[in-house]
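1. next one to model:
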Amino acid sequence: MLNETNELIRGLCRQRRQAQERLLQLYGDIVFGLVSRIVPRQEDAEEVYQDVFLKVFQHISSYDAEKASLDTWISRIAYHESLNLVRRHRPPVLYVDDCDIRFEDISDEAVSQILERQDEGTVKLLERAIENLSTEEQALISMFYFDEKSIKEIAFITDNLPTTIGSQLSRTRKKLYHIIKRMQQ
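-> Below you'll find the model as predicted:
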């Protein structure tokens with residue numbers, strides 16, 4: 001796989017169409033999944049998707065395999081492009097305020113019990129609850145649960161420390177728990 005990735009990168013640096021098509025085959029669905037979970041409108045998500053790959057093609061020479069895998073590096077570009085678009089076009093939205101939540105009173109076990117249930121009702125409730133999170137929180141949950149990125153990878157993608165991501169993830173999970181509990185009342 002490493003040789004294949006290195007060969008792909010060499011082809012991309014030489015602007016070979018075959019390498020570009022291969023990159024799209026390998027990472028297109030991953031990128032579109034991440035983008036579409038951050039960018040609400042399909043048309044905007046498609047535009048961001050195209051912009052991501054244009055940036056990848058233009059900046060492939062700056063990719064550093066020592067810092068991150070190719071898919072994590074591409075996800076970083078997708079994350080930032082998505083947030084940039086959302087911030088430019090999204091009207092201000094009121095999210096559930098952290099001030100009314102006592103996070104220390106919510107145990108990790110209680111959170112896991114609700115968030116890791118797979119029944120249809122809980123999944124639908126969770127999807128609705130996620131809509132009450134900020135764009136950054138939605139992206140964090142998306143990368144961790146849907147894209148199965150590690151905390152270290154998410155830290156690279158978002159330009160944060162792993163400890164910061166761990167704290168944000170814990171806080172966001174508790175916030176989701178709180179939102180779900182309020183929705184169930």
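2. in stretch 26-40, what's buried?
-> Residues 27, 31, 32, 34, 35, 36, 37, 38, 39 are the ones in stretch 26-40 that count as buried (16 or more other Cβ atoms under 10 Å). Placement of C-beta: from N, CA and C, glycine included.
3. swap in stretch 163-182?
-> So, applying 16+ other Cβ under 10 Å, buried residues of stretch 163-182: 165, 168-169, 171-180.
4. just the mean pLDDT for that stretch, thanks.
-> Stretch 163-182 comes out with an average pLDDT of 88.
5. centre of the chain to that stretch, how far?
-> 15 Å (Cα atoms, centre = their mean, to the nearest Å).
6. with stretch 63-74 instead?
-> Put simply, stretch 63-74 sits 16 Å off its chain's centre (Cα atoms, centre = their mean).
7. cool, and stretch 149-166?
-> With Cα atoms, centre = their mean, you get 11 Å for stretch 149-166.
8. what's the first-to-last distance across it?
-> End-to-end distance for stretch 149-166: 12 Å, by Cα to Cα, to the nearest Å.
9. what's it in contact with?
-> Defining contact as Cβ atoms under 8 Å, 6 or more residues apart in numbering, one finds that stretch 149-166 is touched by 67-69, 72, 75-76, 79, 136, 139-140, 143-144, 168-169.
10. for these, which one is nearest residue 6?
-> Taking Cβ to Cβ as the measure, residue 69 is the one of the contacts of stretch 149-166 closest to residue 6, at 12.3 Å.
11. not counting its neighbours along the chain, what's nearest that closest one?
-> Spatial nearest neighbour of residue 69, chain neighbours left out: residue 153 (7.8 Å); criterion: Cβ to Cβ, 6 or more residues apart in numbering.
12. separation between the spatially closest residue to residue 38 that is not a sequence neighbour and residue 74?
-> Leaving out its chain neighbours, the residue that sits closest to residue 38 by Cβ to Cβ, 6+ apart is residue 82, at 3.9 Å. Separation of residue 82 from residue 74 (Cβ to Cβ, to the nearest Å): 12 Å.
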